[in-house]
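In: The following comprises the amino acid sequence and a computationally predicted model.
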Amino acid sequence: MSNLFDAFRLTDRAERVAIVLQNGISVTYKDLATLAGRIARNLDDIGVAPGDRIVAQVEKSHLALALFLACLQRGAVFVPVNTAYTLQEISYFIDDAQPKLVVCDPENLCVIKSTVATVDPIVLTLDGDGNGSLADGLSTATFNVEPRAPDDLAAILYTSGTTGRPKGAMLSHANLGSNARVLKDMWRFTQDDVLLHALPIYHAHGLFVACNVLLLAGGSMIFLPKFEVEKVLQALPKATTMMGIPTFYTRLLADERLTPALVHHMRLFTSGSAPLLAETHVAWKQRSSHAILERYGMTETGMIASNPYESDRIAGTVGIALPGTEVRVVDQENGREVPRDKIGMIEVRGDNVFKGYWRLPEKTATEFRPDGFFITGDLGTMDERGYLRIVGRGKDLIISGGLNVYPKEVETEIDSLDGVVESAVFGVPHPDFGEAVTAVVVTKKNFSMSQADMLKVLAVRLARFKLPKNILVVSELPRNAMGKVQKAELRRQYRGLHS
Ligand code: AMP
């Protein structure tokens, strides 16, 4: 069974609920199978062949998920893109992916059509309520599943890391299938689970980690268009599990309606896509009696490591390599493994690791070691028990006066100051040091420490070269939709500090 679509066994689950929409309507597995089959039929009718790309910039809906399933069924390659992307960005993806079909929001139809002169795909529409020309033109005939080889592509997801132009990560049916199977088993998902799904589905977390795992298990999902505290608090009593990013947890913690009674029935809370502060982990445990299970992954690799389901979920760590995934921490210069607890580059190999960057064979070659390990770009440590800690992106490493400063280490000390909510540390150009360690901090209202006061405390804990040259108080950190702090944006904003 190589087509991932078959693994979901939609028709076997017929009357079970797959998705509960915000308006309370339930979409059964049979409904989903019917929709996917009809869309797949339509794809075939309009000339979409196996291997053709389908770019989708659409709001979250059960039809958007059915479109993904239809692409699998047809053997086409699904290319979901962030709904926040601008016209300029979307035209870059269309030029690069050369799709046969683009599905966009009806509101964007004219602009999309005007950008696609060079490629000329078919353009159909779909809005957040599941309406549009994609849904209108559906025939009642269904479609058989196209056989696929394990290495055939199922999706391309554009990812930019922290810098550079977005690159299309090519993910095969085997990549997605193996990762979903491992996570379903690891996190004990069954058909009795109800996942509170408040993540976007244009990203690997919301689509491949959340939807694929639940569909594989035969469970159901409460689909919220986006994360809103009010809506999440209302839905929690009906859920058994929630997959989140750290900001979900900090926002819920800030609401006094989060009580043990509200969540005592829950089976599992997971977090990923950005670092979960150890403090948030501890605070969540105190308020809800649940230890958040933190995991680590990236678009190119799917999930890499996870804290265990049964034994210790250690705050500040992203857990242990998943079964079938090899992880090593190496010296960036010579590629040799570093001793336990020493910082190095995280590298990974396994069925989950992608096939390379779309139309960028040279770039792909530089990101892999000759023995097949993928260089993640994340710096971290591994302890005796195999638990990984992420220290930051390699590109975020600051080199000040020739010495390496790991932002995470400085952030941890700043965060421990009384009255600091969170911080971000990054390097900006400095005439003397090359780069100057710089910090921005978000503080509580009653915070009264000056920069000099903060530096006095930090000077006891950090070597002199690691001390920030500037600590600036800001109202919030710039974050993207997945909760990642945008360090490139901070570097850009403050690059003139020392010029
Ligand atoms: P993306 O490709 O958008 O999923 O981003 C992947 C990157 O997110 C990784 O390379 C890490 O830098 C970061 N990331 C994902 N999960 C975690 C985590 N649990 N802790 C820290 N960073 C994470």
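Out: Everything's here; your move. Numbers count the residues shown, from 1 in each chain.

In: Stretch 417-436: how far from the chain's middle?
Out: Relative to its chain's centre, stretch 417-436 lies at 26 Å (CA atoms, centre = their mean, to the nearest Å).

In: tell me the mean pLDDT for that stretch?
Out: Averaging pLDDT along stretch 417-436 yields 92.

In: For the remainder of this discussion, apply numbering that starts at 6.
Out: Okay, using 6 as the starting number, the last item reads as stretch 422-441.

In: for that stretch, which positions count as buried?
Out: 422, 425, 427-433, 435, 438, 440-441 (16 or more other CB atoms under 10 Å). Glycine gets a C-beta too; all of them are placed from N, C-alpha and C.

In: Which ones among these map onto strands?
Out: Applying DSSP state E to the buried residues of stretch 422-441, the entries found in strands are 425, 427, 428, 429, 430, 431, 432, 433, 435, 440, 441.

In: May I have the beta-bridge partners of the second one?
Out: The reference is to residue 427. residue 447 (DSSP bridges).

In: Contacts only, for it.
Out: Residue 427 sits next to 282, 416, 420, 446, 447, 482 when contact means CB atoms under 8 Å, 6 or more residues apart in numbering.

In: cool, and the first one?
Out: By CB under 8 Å, 6+ apart, the contact list for residue 425 reads 419, 446, 447, 448, 449, 452.

In: Give the next helix or strand downstream of the helix-or-strand element of the chain with minimal mean pLDDT.
Out: Scoring the helices and strands of the chain by mean pLDDT, DSSP states H and E places helix 114-120 at the bottom, with a mean of 76. Scanning forward in sequence from helix 114-120 by DSSP states H and E, the next helix or strand is strand 127-130.

In: which residues are contacting that following strand?
Out: Contacts for strand 127-130 (CB under 8 Å, 6+ apart): 51-52, 105-111, 114, 117-118, 121, 137-139, 142.

In: Surely residue 388 and residue 344 touch.
Out: No: at 10.9 Å, residue 388 does not count as touching residue 344 under the criterion of CB atoms under 8 Å.

In: So which of the two has more stuff around it?
Out: Per other CB atoms under 10 Å, whichever of residue 388 and residue 344 has more neighbours is residue 388, with 13 against 9.

In: who's in contact with that one?
Out: Counted by CB under 8 Å, 6+ apart, residue 388 has contacts 322, 345, 346, 394.

In: With just CA atoms, put stretch 203-210 into PDB.
Out: Provided in PDB are the C-alpha atoms of stretch 203-210 (Å, rounded to 0.1, in the frame of the first residue of the first chain):
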ATOM      1  CA  ALA A 203      -6.700  25.100  15.900                       C
ATOM      2  CA  LEU A 204      -3.500  25.000  13.700                       C
ATOM      3  CA  PRO A 205      -3.400  26.100  10.000                       C
ATOM      4  CA  ILE A 206      -3.400  23.300   7.500                       C
ATOM      5  CA  TYR A 207      -1.000  24.800   5.000                       C
ATOM      6  CA  HIS A 208       1.900  23.800   7.300                       C
ATOM      7  CA  ALA A 209       3.400  20.400   8.200                       C
ATOM      8  CA  HIS A 210       2.300  20.700  11.800                       C
END
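
In: how far is it from where the chain is centred?
Out: So, by CA atoms, centre = their mean, the centroid of stretch 203-210 is 7 Å from its chain's centroid.

In: do stretch 108-119 as well
Out: 26 Å.

In: Likewise for stretch 442-459?
Out: Worked out by CA atoms, centre = their mean, stretch 442-459 lies 30 Å from the chain centre.

In: got the end-to-end distance for stretch 474-483?
Out: Taking CA to CA, to the nearest Å, stretch 474-483 runs 20 Å from one end to the other.

In: List the buried residues of it.
Out: 474, 476, 478, 482, 483.

In: domain ranges for the chain?
Out: According to automatic domain parsing, the chain comprises the domains 9-191, 232-398, 402-499.
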